[in-house]
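S.K.: Predicted coordinates and the sequence they were generated for:
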Amino acid sequence: MKKKKILFTIWTYSWGGGAENILTNLVNHLDPNKYDIDILEYYHSDIKKEPINDNINLLPPIIDSKTSSKLEKFYKMFLVRHFPQILRKKYANKDYDVEIAFTKMIPSFLLNYNKKTVIWLHGEVNATTDRKKDLKLETKCFKKASRIVTISKHNKELLEQEYPFIKDKDVLIYNSFDFSLLDYKANLEKLKESKVPILLCLCRLDWVKNPLLLLEVAKNLKEKNIPFKLQYVGHGELMDDLKAKTKKMHLEDCVEILGFKENPYPYIKNSTLLVQTSHFEGFPTIFAECTYLGKPFVCMNVGGAYELSDDNKCGFVVNNMNVEEFTNKVITLLQDKKLYDKFSKHGVKNVQRFTIDKQIKAFDEMINGLK
C-alpha cells in the first residue's frame, strides 16, 4: 500500500499551546506505514519543542521570532495573504496527497487547493480577526476546502449558522488525549502542598483567554473571606498587565503568577479547581486533562466547555461573563465536599470518551473519504 503524503500547516508549533499538543498527540499515533507527515509552522517562537516521533518531519518555519526582522515579518505577511504560492515554493515544495491547516486563518491561506485539503478549526468560528480582508480570504478557503473539521458540537453548529454552504463537508472529530502520558507527567514533580485551596488558571495570557477577569473573581473571594490561592501558569502579552492589576487590587497575598511551565501537569495535580474566563475556546484541552486528574473546573460558556462538563456534572459553565455567578460556583465547589467528590469521580469517567483510538479512526475515515 502506497503511503499518503500529508502536510500539516499551523500558525505556531513552538508556543506550548493546546492545538500544538493535540497535533503532536495525533501525528505521533498515526500509522507510519500509512502516512508520510510534514509539519510547517508559520511563526516559530522557540518556547517549547514538541516531542514528535522520528518519522515526523518538521520543516523550517516561515518566520522565526528571534531572527526575522520587522521588514521580513511584514513582507511575508503580505505574501501569505496575496501570493502564498511564493512561500509554499520555498518552504513546502513537495507534492502532497492531502494538506491540512490545523489552525484557522494564516495556515489555511497556505494550502494548495488543487489538492485534497482540510481546514481543522480549534476555536470558535467567530473568534477571529477584525480584518475584513482576512475574513474574505478565510471564506474563500472554506469554499475551496475538501473538508472542514470542528472539534465540538457547539462549534459545528456555530460554523453551519455562519457558513451554511459548508454543511455538506464539515465533520466533527473530537480532540484526544494520551492519558497514560498525562499520568506520567503529572507525577514527575512533587509540589509543596498548599494550606488553602488552589485555583489554577493554566492558559496563554492574552485577550482571548481573558485572564484579567479572574482577578475580579479573586477580589470577590477575598472580600467574602474565602481562603484560596489563585495561580496563573502561562505567559503572553498580558503578563505585565496581570502583574500590575494584581498589585493595584492588593491581591499579592492570594495571587501567584508563575509563568510558563514546560510540564504543567504537576500544577494541575496539586490544584483544587481549574478556572478560566476565556472569551473564546474550541474544545478546551485543559478541562479534559484536569478532569482526568480528578479536578473539577469552572469556566465561561465557550466552545466545547459544556460538552466537557457533561451537562454541569464535572464542571460548572457560567454564562455571559458573569463574575458573581462565577464566584458563587467556585465557592460551591470549595465548600461542598460531597458535590466536589461527585464532580471529581464523574470527570474521570466522562473524559474516557476522548481516547486517541477514536480520533485516529475518525481521521483515517476522513482521509480515505476525501475526493
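M.R.: Perfect, thanks for sending it. Residues are numbered from 1 along each chain as shown.
S.K.: Using the three-state scheme, assign residue 7.
M.R.: With DSSP: H, G, I helix; E, B strand; the rest coil as the basis, residue 7 sits in strand.
S.K.: So what's the residue count around it?
M.R.: 25 (other CB atoms under 10 Å). For the C-beta atoms, the positions are set from N, CA and C on the backbone; glycine is no exception.
S.K.: which residues does it bridge with?
M.R.: Note on residue 7: beta-bridge partners by DSSP bridges are residue 38, residue 99.
S.K.: any weak-confidence spans in the chain?
M.R.: Within the chain, the stretches with pLDDT under 70 are 124-131.
S.K.: Pop the domain breakdown of it in here.
M.R.: 4-176+355-369, 188-353 (automatic domain parsing).
S.K.: what ranges do the helices span in the stretch 51-200 of the chain?
M.R.: If DSSP state H, counting those that start in this stretch is used as the criterion, the helices of the stretch 51-200 of the chain fall at 70-82, 84-91, 106-109, 132-144, 153-162, 179-186.
S.K.: Compare those helices and give me the one nearest residue 54.
M.R.: Among those, helix 179-186 comes nearest to residue 54, with 17.2 Å by CB to CB.
S.K.: For that closest one, buried residues please.
M.R.: Judged by neighbour count using 16 or more other CB atoms under 10 Å, the buried positions of helix 179-186 are 179, 182, 185-186.
S.K.: For the residues you listed, give me a markdown table that also has distance to residue 169.
M.R.: Shown next, in a markdown table, are these (distance: CB to CB, whole Å):
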| residue | distance to residue 169 |
| --- | --- |
| 179 | 31 |
| 182 | 33 |
| 185 | 36 |
| 186 | 38 |
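S.K.: Tell me the one of the residues you listed nearest residue 23?
M.R.: For the buried residues of helix 179-186, the nearest to residue 23 is residue 182 (16.3 Å; CB to CB).
S.K.: how near is the closest residue to residue 112 other than its chain neighbours to residue 119?
M.R.: Counting by CB to CB, 6 or more residues apart in numbering, the nearest residue to residue 112 once its immediate chain neighbours are dropped is residue 99, at 5.8 Å. Using CB to CB, to the nearest Å, we find residue 99 at a distance of 10 Å from residue 119.
S.K.: Give me the common contacts of those two.
M.R.: residue 111 (CB atoms under 8 Å, 6 or more residues apart in numbering).
S.K.: What are the contacting residues of stretch 94-106?
M.R.: 4-11, 19, 23, 38, 42, 80, 107-108, 110-112, 115-123, 128-129, 134, 138, 141, 367, 370.
S.K.: buried subset of those?
M.R.: The buried subset of those - by 16+ other CB under 10 Å - is 4-11, 19, 23, 38, 42, 80, 107-108, 110-111, 116-123, 134, 138, 141, 367.
S.K.: Dump stretch 255-275 to CSV, restricted to CA.
M.R.: As requested, the backbone C-alpha atoms of stretch 255-275 are provided in CSV (Å, rounded to 0.1, in the frame of the first residue of the first chain):
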residue,chain,number,x,y,z
VAL,A,255,-2.4,35.6,43.6
GLU,A,256,0.8,33.9,42.2
ILE,A,257,1.9,34.5,38.6
LEU,A,258,4.2,31.6,37.9
GLY,A,259,4.9,32.0,34.1
PHE,A,260,5.3,29.3,31.6
LYS,A,261,6.0,25.7,32.7
GLU,A,262,7.3,23.1,30.4
ASN,A,263,5.4,20.5,32.4
PRO,A,264,2.2,22.0,33.8
TYR,A,265,0.6,18.7,34.9
PRO,A,266,2.1,18.6,38.5
TYR,A,267,0.4,22.0,39.0
ILE,A,268,-3.0,20.5,37.9
LYS,A,269,-2.5,17.6,40.2
ASN,A,270,-1.6,20.0,43.1
SER,A,271,-4.6,22.2,42.5
THR,A,272,-8.2,22.1,43.8
LEU,A,273,-10.0,23.6,40.8
LEU,A,274,-9.3,24.8,37.3
VAL,A,275,-10.7,28.2,36.5
